[in-house]
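*Asks:* Starting from these lines, generate the structure:
(2 chains)
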Amino acid sequence: MKRFRSCRICMSCWLAVLANWAACATLSAAPDISGTYWATTYSPTIQILGGGAPPLNAAGKVAYDRNRAGLKDGSIVDKARRVCVPDGMPRVLATPYPFEILQVPTDQVTFVYEMNHQIRVIYIDKPLPEPHRLLVEPLYNGHSIGRWEGETLVVETAGFNERTFLDATGLPHSDAMRTIERIRKTAKELEIVITIHDPEMYERDWQARFVYQERNDVRIEEYACNDNHRDLSAVKGVEPQ
Amino acid sequence: MSRNLSHLRASAIVLGLLCSPAAFLPLLAQEMPRTGTPPKLSEPGVAWAGFVAPKEPNYAIARLFNDFGQPATGIGPVTDDPAHPYVNNEVARQMRIQPTYRVADLNNAAARNLMPWAREALRTQNELVLQGQNGTTREARCWETGVPAFHLNPGPMHIIQGPREVVLMLTGRVRRIRLDVPHSADPKPSWYGESVGRYEGDALVVDTIGFNGKTFVDSYRTPHTDKLRVVERFRLINDGNTLEVAFTVDDPGAYHQPWSGTRNRHRVVRPNMRPVEFECPEANDDYFDIGLEPVPTAQKRHF
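*Replies:* Numbering: from 1, shown residues only, chains lettered A, B, ... in the order given. Coordinates of the predicted model:
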């Protein structure tokens, strides 16, 4: 009996060790994409994967025309640039400023952008908030959840407010927009391919791709509205205004 | 060499004690060895709220809604004028009285510690407030808050505690603390300065210099210069349920002696709570034309 008990204790110990190992293995299985990244190019117009124009539907065309005209005559203010509120998705992905990815605590991946000190928290292996919460608590950059598929972080985002544009030209979206990002790190680059799903504004889903260089030599700086910010002359496509 | 430095340091402390014991007590406390493990500041679903409303009205607790606490010893932060008691929104809610703007006490030890120009600036600000102008905080007008004023907001602070840096996120504003590195030789002046941190026993000790001189150290609009240096000690107390931030502020351009304060935050667990986005300037115009400070606005596009 005594022998059986000691054997049982021993087995419990082994099970605990195995469980611990399994937990560690799960944690270490998450690829490390933490670091500082910086795009080498910038475009005020979002570049559609595969080329062509965004597949706007009738409502989308009306909204786009209205936004472009308003931004031109000043009746619509680009508040992300004027008073430095968050850019919204996917415009923030086009930032010509560096950003940082942090992977602590273990259940979240956080993007901290230099521009407009924007923060995106992606909760790993969690469900999106309930639909009513997405409606009553919309965010500029939406509510994001993610999961790892091998080396790729797949991020789903919903619950956007309607104050943002998809790019600097005023490309519209509705509060029903959902996005899926596939984020992966190659040797020294980070790639994000985003799918836009917004049937209220677009005839079909469409994609855009953003690539950033890993730049752990760069220190993220403060970004306050109306300050003189860092030199962007190395970022192709940036035209000083 | 280091022995000589130690002697010099000890002599300076003794001299300081002889000249002004009260001022050096908080600094001496920092010299004492600490034991314990580094505080675990970031956990899944955990944030640190600057205020948790008590179940029953409690004036003393409500007073700390958006203010610094006094240090155990030495000179503390500027406080309100007893002739014009500050009623914050929480005191107003609990006591069912009208909230007020802040008027600083110009006659207590904290005010006497201000250099004449800084005290004069506070007097001018008091006059404006008593005339019904400029009573809002810089934070309420969407400006970057600086240090230690960053801590005043009662909302939840999210912390990311990485191996190389600690990131503090509060009201859509972000501070970065780089760990185990020295200060830059010539830090670029900035709103939150250059923060470097290290673990000392059970505390995260953060040293910040390199401020741009555009912020105030508190909500009374107490000024500082670019010589400002702030040392913060982040520590978990109360079984890990309270984050104590004890800080010492030194600025030979604005204060006769260093002064200290505290700001405690409370552990809240809300798995779905995200750091607040910076939407302050979205709809914050001076609708009633009462001379509110404008929100920070870009005068030109950078790209």
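
*Asks:* Show me where chain A has its helices.
*Replies:* Taking DSSP state H as the test, the helices found in chain A are A:2-29, A:58-73, A:79-82, A:131-136.

*Asks:* next one: the stretch 1-150 of chain B
*Replies:* With DSSP state H, counting those that start in this stretch applied, the stretch 1-150 of chain B shows helices at B:2-19, B:21-31, B:59-63, B:89-95, B:109-112, B:116-130, listed in chain order.

*Asks:* Tell me where chain A has strands.
*Replies:* Across chain A, reading from the start of the chain, the strands by DSSP state E fall at A:35-38, A:99-102, A:108-113, A:119-124, A:143-149, A:152-158, A:178-185, A:189-197, A:206-214.

*Asks:* in the stretch 1-150 of chain B, what residue is nearest chain A?
*Replies:* When you check the stretch 1-150 of chain B against chain A by C-beta to the nearest C-beta, the closest residue turns out to be residue B:44, at 4.4 Å. All C-beta atoms are positioned from the backbone trio N, CA, C, and that covers glycine.

*Asks:* Distance check, residue A:105 against chain B.
*Replies:* Computed as C-beta to the nearest C-beta, to the nearest Å, the residue A:105 to chain B distance reads 5 Å.

*Asks:* can you count the residues close to residue B:79?
*Replies:* Residue B:79 has 21 neighbouring residues, counting by other C-beta atoms under 10 Å in any protein chain shown.

*Asks:* again with residue B:98
*Replies:* Here the count is done by other C-beta under 10 Å, and residue B:98 has 7 residues near it.

*Asks:* what do you get for residue B:275?
*Replies:* The burial count assigned to residue B:275 is 25, neighbours taken as other C-beta under 10 Å.

*Asks:* ok, now how distant is it from chain A?
*Replies:* If you measure residue B:275 against chain A using C-beta to the nearest C-beta, the figure is 5 Å.

*Asks:* Below-threshold pLDDT in the chain: ranges please.
*Replies:* In the absence of a named chain, this looks at chain A. A:1-29, A:241 (pLDDT under 70).

*Asks:* Wait, chain B was what I had in mind.
*Replies:* Within chain B, the segments meeting pLDDT under 70 span B:1-34.

*Asks:* Which strand runs longest in it?
*Replies:* Using DSSP E, we find that the single longest strand of chain B is strand B:259-269.

*Asks:* contact partners of that one?
*Replies:* For strand B:259-269, the external contacting residues (C-beta atoms under 8 Å, 6 or more residues apart in numbering or on different chains) are B:23, B:26, B:45-52, B:64, B:68-71, B:74-77, B:110, B:113, B:148, B:151-152, B:156-157, B:240-249.

*Asks:* go on, stretch B:216-228?
*Replies:* Here stretch B:216-228 makes contact (C-beta under 8 Å, 6+ apart) with B:66-68, B:77-78, B:80, B:102, B:104, B:114, B:118, B:121-122, B:125, B:137-139, B:146-149, B:152, B:189, B:193, B:209-213, B:215, B:249-254.

*Asks:* Among those residues, name the buried ones.
*Replies:* If you count burial by 16 or more other C-beta atoms under 10 Å in any protein chain shown, the buried members of the contacts of stretch B:216-228 come out as B:66-68, B:77-78, B:80, B:102, B:104, B:114, B:118, B:121-122, B:125, B:137-139, B:146-149, B:152, B:193, B:209-213, B:215, B:249-251, B:254.
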